[in-house]
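Colleague: Sequence below, structure please.
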Amino acid sequence: MFHRVARSFQWHKCDPLANSTAAKASLLIPVFGYLVLFNDAIVQNLSFSKLLEGGEGKTLISGDLRLQLVYFGLVFLAFGSVWYTKRRPFLLIKSKDKTTYVQDALSGFPISSFCFQFYAIRKRTNSDNWPLFPFEDKQFENFLVTACGNQMSGINLELEEEVMCQLRSVNSRNDAVARNHEFLTRLCSVYFDLETNSRKLECVLLYLLLILAYAVLLLPSLDMFVSVAMSVFTN
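Modeller: Okay, here's the model as predicted:
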């Protein structure tokens, strides 16, 4: 049941929530917000109800509670932003989506990076989410032969260390990528999916925290909107 629900939660989809300008700006709130929120002299003179010409009774949420909701919402958002920055898959540091990642890989990744992705996928194929290895060894071998020469023909692909050692003599990186474009595109796509679907429980918890943060921040604004709307329609 959890895996079915968690399929829609992926690390790269957190980026708009956790890495937005608002989320980055919220990192300053825990310190400065605390000084304001828990300073009695400031709180006594800062009331949202005074911003409404109707005075008290216009909003459902009190001024003090409104300040607290904004503060704690920003604290949750700041924590979520730091959490995402520190724990997101490494490939998301430069590539925000699959298309960008594949393009960056094909244009600049060394041959060793493609090999690393191949073996990383291979090691994860026994999990529930990745039951079958999606590539044939012959496809990978053809890529290696194109990149490094005929000495890679018939090499035992089970010996990862031996394969990686042979990559010291790469003949033509660009030619190998061009000739195996379809295979490498699929390889990078599968690897991106593999990484962005990793650590599902942590990803789901991060999503929930971010959603909670934005919901808490939305409450004061929603209350203000409802109060103003009621005031307009009742007068």
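Colleague: Packing partners of the helix or strand where Leu106 lies?
Modeller: Element membership of Leu106 [criterion: DSSP states H and E] is helix 98-108. Secondary-structure packing of helix 98-108 (3 or more Cβ pairs under 8 Å, 6 or more residues apart in numbering; DSSP states H and E): helix 181-196. The C-beta positions use only the backbone N, C-alpha and C, and glycine is treated the same way.
Colleague: Return the set of buried residues in the helix it packs on.
Modeller: Phe183, Leu184, Leu187, Cys188, Ser189, Val190, Tyr191, Phe192, Asp193, Leu194, Glu195, Thr196 (16 or more other Cβ atoms under 10 Å).
Colleague: ok, now how distant is the first one from Ser95?
Modeller: Just to be clear, that refers to Phe183. 20 Å (Cβ to Cβ, to the nearest Å).
Colleague: if we can go back for a sec, show me what counts as buried in the helix holding Leu106.
Modeller: Under 16+ other Cβ under 10 Å, the buried positions of helix 98-108 are Lys98, Tyr101, Val102, Ala105, Leu106.
Colleague: What is the neighbour count of Leu91?
Modeller: 20 (other Cβ atoms under 10 Å).
Colleague: Which of the three states applies to it?
Modeller: helix (DSSP: H, G, I helix; E, B strand; the rest coil).
Colleague: again with the one 3 residues further on
Modeller: Reducing the assignment to helix, strand or coil with three-state DSSP, the entry for Lys94 is coil.
Colleague: how close does it get to Thr146?
Modeller: For Lys94, the distance to Thr146 - Cβ to Cβ - is 26 Å.
Colleague: Comparing those two, which residue is more hemmed in?
Modeller: Neighbours per residue, other Cβ under 10 Å: of Lys94 and Thr146, the larger number sits with Thr146, 19 against 9.
Colleague: pLDDT score for that one?
Modeller: You'll see Thr146 listed with a pLDDT of 87.
Colleague: Could you do Ala105 as well?
Modeller: 93.
Colleague: Check what pLDDT the residue lying closest to it once chain neighbours are set aside gets.
Modeller: Once flanking residues are discounted, Ala105 sits nearest to Cys188: 4.5 Å by Cβ to Cβ, 6 or more residues apart in numbering. Note on Cys188: pLDDT of 93.
Colleague: Likewise for Ser62?
Modeller: At Ser62, pLDDT is 72.
Colleague: And for the one 4 residues further on?
Modeller: At Arg66 the predicted local distance difference test score is 78.
Colleague: where does Tyr214 land in three-state SS?
Modeller: Classified using three-state DSSP, Tyr214 is helix.
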